[in-house]
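Undergrad: Quick one, what's the 3D model for this:
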Amino acid sequence: MKTLSSQYAQFTPEERLRLTIAAEEREDHAEVERLMRSCPQMPWVVPDPEYCRRIIWMRATVNEVIRLWVEASAIVLCSALVVASLPAEDALVAKATADWKTWSTVWLGIESGITKFCAEAGLTGNQLLVWANGRSAAGRAASQRRERHRRADRR
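TA: A predicted model of the protein is given here:
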């Protein structure tokens, strides 16, 4: 009778995965290691690791910055809606206006950081934002809202 250990090299990828999951579940780390060591070895041709590392980090960083920018954009827009929907004499107008100014400053800081990074890296904003599928709708709306408010403040 064949023992399980003599069959390790014969497992299909699906069988090996299911056995590994079962071993992980029962916290049998030695079995997980045996399953990994007995896995068939194959040559692996990969793109330049230095290039791949840069691409992965660039994507991760851009996605995180864009996530923060979208969050700030949403708060800018919501604060602006609150201010616009309240009667001028309402006590909440001052608080909502202060929140709008705070988050507008955060939003502008993120935009400024993106602009500075692009200048230092020799990229355009569009080249950078391609990693995040372009500028978000919330980002565009917040930018337009900020521009309208900036023009109104100059009058």
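Undergrad: Can you tell me the closest non-neighbouring residue to V106?
TA: A72 (4.9 Å; CB to CB, 6 or more residues apart in numbering). In this view, the C-beta of every residue, glycine as well, is placed from N, C-alpha and C.
Undergrad: Please disregard the earlier target; I meant M58.
TA: Nearest to M58 is W131, by CB to CB, 6+ apart, at 6.5 Å.
Undergrad: likewise S79?
TA: S79 sits nearest to W100 (CB to CB, 6+ apart), 3.7 Å away.
Undergrad: contacting residues around the one you found?
TA: Counting by CB atoms under 8 Å, 6 or more residues apart in numbering, W100 touches 76, 79-80, 82-83.
Undergrad: any idea how this structure splits into domains?
TA: Residue ranges for the domains of the chain, per automatic domain parsing: 4-37, 49-154.
Undergrad: Give me whichever of these is most buried.
TA: domain 49-154 (a mean of 14; mean count of other CB atoms under 10 Å).
Undergrad: which ones are touching the residue nearest to V106?
TA: 103, 106-107, 110, 142.
Undergrad: what about stretch 82-91, average pLDDT?
TA: Across stretch 82-91, the average pLDDT comes to 81.
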